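**Student:** What follows is a predicted protein model with its sequence.
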Amino acid sequence: PMSYPRHTSRSLMLWLLTLPFALWPAMELATIPAVFLITYLMLGIDEIGIQIEEPFAILPVKPLAEVCERDVRELDKQLNLGAFVDQRAVGV
């Protein structure tokens, strides 16, 4: 479900927004590059996790499936197998 990645992304953003306040007393001006580096790494890991969780959102699977279906239906017509019912004739 999309609610889990959305929740983790929002939680990560909240954590990253509060990170400078936690690091400032110990690191002072070094906090700025440290926060940029940590933010870059954490958002990258988050994006990789989203892509791994839902790979078909970025892969062109639907157009490929449509081409395969069209080719199989054409082959079915050429060989007169009758494996596919014309949906317009059935009224679906």
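**Tutor:** Good, I have the coordinates.
**Student:** Going by C-alpha atoms from here, please, whenever you check contacts or count neighbours.
**Tutor:** Will do.
**Student:** and residue 4, how many residues sit next to it?
**Tutor:** Counted by other C-alpha atoms under 10 Å, the residues lying close to residue 4 total 10.
**Student:** check contacts around it.
**Tutor:** Contacts of residue 4 were listed using C-alpha atoms under 8 Å, 6 or more residues apart in numbering, and none were found.
**Student:** Count the neighbours of residue 12 for me.
**Tutor:** Residues lying near residue 12 (other C-alpha under 10 Å) number 16.
**Student:** Also residue 62?
**Tutor:** By other C-alpha under 10 Å, the residues close to residue 62 number 11.
**Student:** Pull out the buried positions in the helix or strand where it lies.
**Tutor:** Taking DSSP states H and E as the criterion, residue 62 maps to helix 61-79. Residues of helix 61-79 classed as buried by neighbour count (16 or more other C-alpha atoms under 10 Å): residue 73.
**Student:** any low-confidence regions in the protein?
**Tutor:** Low-confidence segments of the chain, defined by pLDDT under 70: 1, 86-92.
**Student:** all helices for it, in order.
**Tutor:** For the chain, applying DSSP state H gives helices covering 3-27, 31-53, 61-79, 87-90.
**Student:** coming back round to it: gap between the helix holding residue 62 and the chain center?
**Tutor:** Taking C-alpha atoms, centre = their mean, to the nearest Å, the mean C-alpha location of helix 61-79 is offset from the chain mean by 26 Å.
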